[in-house]
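>>> have a look; sequence and predicted model below, questions after that.
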There are 2 protein chains.
Amino acid sequence: MSLEETPIPEIRVHPIRNGTVIDHITAGQALNVLNILNIPNPSSGVVSVLINAPSVHGIKDVVKIEGRELNVEEVDRISLIAPNATINIIRNFEVSEKTHVHIPEKVSGVVKCINPNCISNSNEPVTSRFTVKPDGRKITLRCSYCERTISEGIGDHLL
Amino acid sequence: MSLEETPIPEIRVHPIRNGTVIDHITAGQALNVLNILNIPNPSSGVVSVLINAPSVHGIKDVVKIEGRELNVEEVDRISLIAPNATINIIRNFEVSEKTHVHIPEKVSGVVKCINPNCISNSNEPVTSRFTVKPDGRKITLRCSYCERTISEGIGDHLL
């Protein structure tokens, strides 16, 4: 077969029977979403990811997971790095539920404080705890112990 | 619009005009491939990733990158974690080059030795260096200084 006849390997993206499509993820955050969901792992089904996809609001990422529905804790974590994401639950090839992520008022044990001297980073049995402040398309976290804020690169500080 | 009428968000995967499709990546290694290629970054084009895709040899990952051709050093790094990968260079919607990754005999400055006492991990100006031994669908690296071998989780030790 000559090169001209070589078919371009396709990323075949079928409709999924059951699973979740996370749409409108902040561009560049798809891999942090996978990290939150512990993907890849050998038992996960087929996962497709689109990074820097054109959209009406600029660019976005999309993650599509076959055979899995997310729980509330997972969606809360995703909301911190992708506050405009929508969660589409697919059942039997149809959108069964479509929700915007809900941004929680407080999160515990989800993000590590960036202040090395914060008591949550000591050897004391203190769980990290932040107040969440949405600000348009961004999120700011304020540590409940030391008041240090995190507004950039939250995905880098997930526990 | 009722939920039944809500269209399932599609991951639209068009043919690409120019770019690279990395096919037959060892399942679970796609994110390490992205890491080697410094993706995502704000200037990268559209990237699509398929994880745990069914294939004739079990499951595989696929990465498709618009507007970028890989250099030899990048492909050599990919070969260490995905020794069966194929690199398809797409130009003007056609496969212009299709190659299997070439597994180099030695690699320098690519992987960190897992032996904390290895001289390549000291403060000496010594670049890490390994002999590469392909073994079927796996790779084993042997440190040229301390002879410690790495055969599992090479992607976790990339520099």
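It's in.
>>> distance between the ends of stretch A:100-115?
Using C-alpha to C-alpha, to the nearest Å, the end-to-end distance of stretch A:100-115 comes to 31 Å.
>>> is it up against chain B anywhere?
No - counting by C-beta under 8 Å from any C-beta of the partner chain, chain B has no neighbours in stretch A:100-115; the shortest distance is 13.2 Å. Glycine gets a C-beta too; all of them are placed from N, C-alpha and C.
>>> what does that stretch contact?
For stretch A:100-115, the external contacting residues (C-beta atoms under 8 Å, 6 or more residues apart in numbering or on different chains) are A:75-80, A:82-87, A:120-121, A:127-132, A:134, A:139, A:141, A:143-146, A:148, A:150, A:154, A:157-159.
>>> again with stretch A:65-83
A:16-22, A:24-26, A:29, A:32-33, A:36-37, A:39, A:44-47, A:61, A:85, A:87, A:89, A:101-104, A:107, A:110-111, A:132, A:134, A:137-139, A:141, A:154-155, A:158.
>>> what about it, average pLDDT?
Averaging pLDDT along stretch A:65-83 gives 93.
>>> report the buried residues of it.
A:65-66, A:68, A:70, A:74-83 (16 or more other C-beta atoms under 10 Å in any protein chain shown).
>>> tell me the secondary structure of the residue nearest the centre of chain A, please.
The centre of chain A sits closest to residue A:33, judged by C-alpha atoms, centre = their mean, with a distance of 2.9 Å. Going by DSSP: H, G, I helix; E, B strand; the rest coil, the secondary structure assigned to residue A:33 is helix.
>>> my guess is it meets residue A:21, correct?
No - judged on C-beta atoms under 8 Å, residue A:33 makes no contact with residue A:21 at a distance of 11.8 Å.
>>> mutual contacts of those two, please.
What both residue A:33 and residue A:21 touch, as defined by C-beta under 8 Å, 6+ apart, is the set residue A:63.
>>> can you give me the strands in chain A?
A:19-26, A:47-55, A:58-66, A:86-91, A:94-100, A:106-108, A:129-135, A:138-143, A:149-150 (DSSP state E).
>>> what's the longest helix in chain A?
The longest helix of chain A (DSSP state H) is helix A:72-81.
>>> kindly reformat the strands of chain A as CSV containing distance to residue B:51.
Listed next are those as CSV, based on distance: least, C-beta to C-beta, whole Å:
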stretch, distance to residue B:51
strand A:19-26, 13
strand A:47-55, 4
strand A:58-66, 9
strand A:86-91, 17
strand A:94-100, 22
strand A:106-108, 27
strand A:129-135, 30
strand A:138-143, 27
strand A:149-150, 29
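>>> and residue A:44, how far is that from residue A:110?
21 Å (C-beta to C-beta, to the nearest Å).
>>> which one's more surrounded, those two?
Taking neighbours as other C-beta atoms under 10 Å in any protein chain shown, residue A:44 and residue A:110 compare with residue A:110 leading, 22 against 19.
>>> show me where pLDDT drops low in chain A?
For chain A, residues meeting the criterion pLDDT under 70 lie at A:1-14.
>>> can you list the domains in it?
As assigned by automatic domain parsing, chain A contains the domains A:19-100, A:106-157.
>>> now the end-to-end length of the first one.
Put plainly, it is domain A:19-100. Terminal-residue distance, domain A:19-100 (C-alpha to C-alpha): 16 Å.
>>> same question for the last one.
Across domain A:106-157, the straight-line distance between its terminal residues is 16 Å, by C-alpha to C-alpha.
>>> contacting residues for the residue nearest to the centre of chain A?
A:22, A:25, A:61, A:63, A:78, A:81, A:82, A:85.
>>> coming back round to it: mind checking the strands of chain A for the one nearest to residue A:116?
Closest approach to residue A:116 among the strands of chain A is made by strand A:138-143 (12.1 Å; C-beta to C-beta).
>>> may I have the closest one as PDB, with CA atoms only?
The C-alpha trace of strand A:138-143 is given here as PDB (Å, rounded to 0.1, in the frame of the first residue of the first chain):
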ATOM      1  CA  LYS A 138     -12.400  32.000  38.000                       C
ATOM      2  CA  ILE A 139     -12.300  30.600  41.500                       C
ATOM      3  CA  THR A 140     -10.400  31.900  44.500                       C
ATOM      4  CA  LEU A 141      -9.800  29.700  47.500                       C
ATOM      5  CA  ARG A 142      -9.000  31.200  51.000                       C
ATOM      6  CA  CYS A 143      -7.500  28.900  53.600                       C
END
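>>> from the contact counts, what lies against that strand?
Here strand A:138-143 touches helix A:72-81, strand A:129-135, strand A:149-150, going by 3 or more C-beta pairs under 8 Å, 6 or more residues apart in numbering or on different chains; DSSP states H and E.
>>> let me have the ones you listed in JSON lines, extended by distance to residue A:97.
Shown next, in JSON lines, are those (distance: least, C-beta to C-beta, whole Å):
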{"stretch": "helix A:72-81", "distance to residue A:97": "11"}
{"stretch": "strand A:129-135", "distance to residue A:97": "22"}
{"stretch": "strand A:149-150", "distance to residue A:97": "30"}
